[in-house]
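K.L.:
below: sequence and its predicted model.
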Amino acid sequence: MSAIDSPSGQQTKTYDSAFLKACRREPVPHTPVWFMRQAGRSLPEYLKVREGIPMLESCMRPELVTEITLQPVRRHKVDAAIFFSDIVVPLKAIGIDLDIKPGVGPVVAEPIRRRADLDRLRALTPDDVRYVTEAIGMLTGELGATPLIGFAGAPFTLASYLVEGGPSRNHEHTKALMYGDPELWAELLDRLADITAAFLKVQIEAGASAVQLFDSWVGALAPADYRRSVMPASAKVFRAVEGYGVPRIHFGVGTGELLGLMGEAGADVVGVDWRVPLDEAARRVGPGKALQGNLDPAVLFSTREAVETKTREVLDAAAGLEGHVFNLGHGVLPTTDPDALTRLVEYVHTHTAR
Ligand SMILES: Cc1c2[nH]c(c1CCC(=O)O)Cc1[nH]c(c(CCC(=O)O)c1C)Cc1[nH]c(c(CCC(=O)O)c1C)Cc1[nH]c(c(C)c1CCC(=O)O)C2
């Protein structure tokens with residue numbers, strides 16, 4: 001091993017990567033790109049290694065997690081890897097009876113709706129998720145200078161799965177609890193904040209160099225309800241990991257009206273879906289934060305010309321930003337042509353090279 005490849009040399013190179021620089025709002029050699037759900041069903045090599053292995057089980061096999069996490073980095077040359085896991089993994093790890101049903105999503109056997117149900121949400125310890133620590137150890141060795149993003153589900157989005165018992169369009173049971181028993185709701189979110197913070201800490205201590213908090217379904221709330229009933233718990237998660245100095249990304253869908261508050265909750269980078277142009281998002285978020293986004297994932301089903309036009313629109317809207325991480329406005333759709341993603345990475349890299 002030469003001096004330049006020594007572990008500390010590698011850490012410096014990771015620190016100086018375009019992705020982490022953009023998160024810190026420093027000048028970058030090119031706009032960094034990664035995709036939410038970049039690992040997964042859009043890749044034939046993913047479908048091959050996952051064959052016959054249930055989703056949650058695959059998250060508990062460090063060698064498989066390492067391989068799946070590396071697949072999109074190899075294929076698309078993205079600027080960051082995202083740890084292959086799921087937002088419900090820490091809940092499973094503390095003993096919640098749940099499964100991820102193909103084509104459906106997480107399904108919880110006994111929903112959490114009463115005070116007595118809270119006892120099932122015990123604290124998460126690193127021992128509960130040793131396979132995560134092990135996988136990240138393997139990954140950081142393989143990734144070289146490419147940063148690894150750790151992640152977790154935010155308290156509201158986790159609560160929605162737990163209270164509804166599965167995916168939900170209207171979140172009616174969740175909102176019924178939030179409006180009808182604010183005290184129980186606050187306790188539920190506080191416990192989830194502690195579990196989420198513990199899960200993120202495990203990932204950072206194992207070597208993740210950024211973290212993303214997915215509050216995918218929080219766009220269902222009005223700003224006043226978000227501020228009162230959700231923001232305290234999400235802010236607790238961000239505070240808990242502040243001292244590590246790793247960038248904290250905060251993402252949700254349909255959050256145009258919440259972008260300012262989501263930044264205020266404690267994020268360094270605010271993720272934006274495709275409904276709000278990035279220059280307008282920057283006005284809503286205010287100074288001092290980088291933005292991530294925001295090409296509509298469905299655009300990738302269109303012609304090459306349309307993809308390039310829509311990509312240029314995103315880059316033009318981001319031109320005045322201090323820090324921009326290019327991403328889709330939500331996850332890669334499962335039937336996306338992987339070559340369209342590879343071309344998109346190359347397009348952004350060449351058209352933003354400085
Ligand atoms: C809401 C949510 C979940 N999980 C996640 C979120 C937040 C992100 C978002 O808003 O999309 C987060 C997640 N889930 C997965 C990742 C892996 C990393 C990556 O982005 O590449 C990440 C970051 C793997 C996965 N998680 C899941 C898959 C698909 C399962 C499979 O391949 O068999 C993958 C690759 C399962 C899952 N898990 C969940 C859903 C809705 C689904 C899809 C169900 C389906 O359509 O089959 C819950």
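P.N.:
Looks like it arrived, so ask away.

K.L.:
pLDDT score for the residue at minimal distance from the centre of the chain?
P.N.:
For the chain, the residue lying nearest the average C-alpha position, counting by CA atoms, centre = their mean, turns out to be Gln212 (4.1 Å). Looking at Gln212, its pLDDT is 98.

K.L.:
the helix or strand containing it pairs with which strands?
P.N.:
Gln212 is part of strand 210-214, with elements assigned from DSSP states H and E. Strand 210-214 sits in its sheet next to strand 148-153 (parallel), strand 248-251 (parallel), going by DSSP bridges.

K.L.:
out of the ones you listed, nearest to the ligand?
P.N.:
Closest of these to the ligand is strand 148-153, at 5.1 Å (criterion: CB to the nearest ligand atom). For glycine as for every other residue, the C-beta is placed from the backbone atoms N, C-alpha and C.

K.L.:
what about the following helix or strand past the closest one, average pLDDT?
P.N.:
Sequence-wise, the next helix or strand downstream of strand 148-153 (DSSP H and E) is helix 155-164. Summarised as a single mean, pLDDT over helix 155-164 is 98.

K.L.:
what are the C-alpha coordinates of helix 155-164, in PDB please?
P.N.:
Once side chains and other backbone atoms are set aside, the C-alpha atoms of helix 155-164 remain, and they are given as PDB (Å, rounded to 0.1, in the frame of the first residue of the first chain):
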ATOM      1  CA  PRO A 155     -40.100   9.400  12.500                       C
ATOM      2  CA  PHE A 156     -43.300  10.500  10.600                       C
ATOM      3  CA  THR A 157     -42.800   8.100   7.700                       C
ATOM      4  CA  LEU A 158     -41.900   5.200  10.000                       C
ATOM      5  CA  ALA A 159     -45.000   6.000  12.200                       C
ATOM      6  CA  SER A 160     -47.200   5.900   9.100                       C
ATOM      7  CA  TYR A 161     -46.100   2.300   8.300                       C
ATOM      8  CA  LEU A 162     -46.500   1.300  12.000                       C
ATOM      9  CA  VAL A 163     -49.800   2.900  12.600                       C
ATOM     10  CA  GLU A 164     -51.500   2.100   9.300                       C
END
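
K.L.:
which other helices and strands does that helix contact?
P.N.:
With contacts defined as 3 or more CB pairs under 8 Å, 6 or more residues apart in numbering; DSSP states H and E, the packing partners of helix 155-164 are helix 89-93, strand 105-108, helix 172-180, helix 182-206, helix 231-240.

K.L.:
check those for me and report the most buried one.
P.N.:
Stretch with highest mean neighbour count among the helices and strands packed on helix 155-164: helix 89-93 (a mean of 23; mean count of other CB atoms under 10 Å).

K.L.:
around the ligand, which positions in the stretch 51-200 of the chain sit nearby?
P.N.:
55, 82, 84, 86-87, 100, 102-106, 151 (CB under 6 Å from any ligand atom).

K.L.:
okay, now the unreliable bits of this protein?
P.N.:
Counting by pLDDT under 70, the ranges of the chain that qualify are 1-7.

K.L.:
residues touching the closest residue to Leu221 other than its chain neighbours, list them.
P.N.:
In space, not counting the residues next to it along the chain, Leu221 is nearest to Val230; the distance is 6.6 Å by CB to CB, 6 or more residues apart in numbering. By CB atoms under 8 Å, 6 or more residues apart in numbering, the contact set of Val230 is 154-156, 189, 215, 218, 221.

K.L.:
most neighbours, which of the residues you listed?
P.N.:
Ala154 (30 neighbours; other CB atoms under 10 Å).
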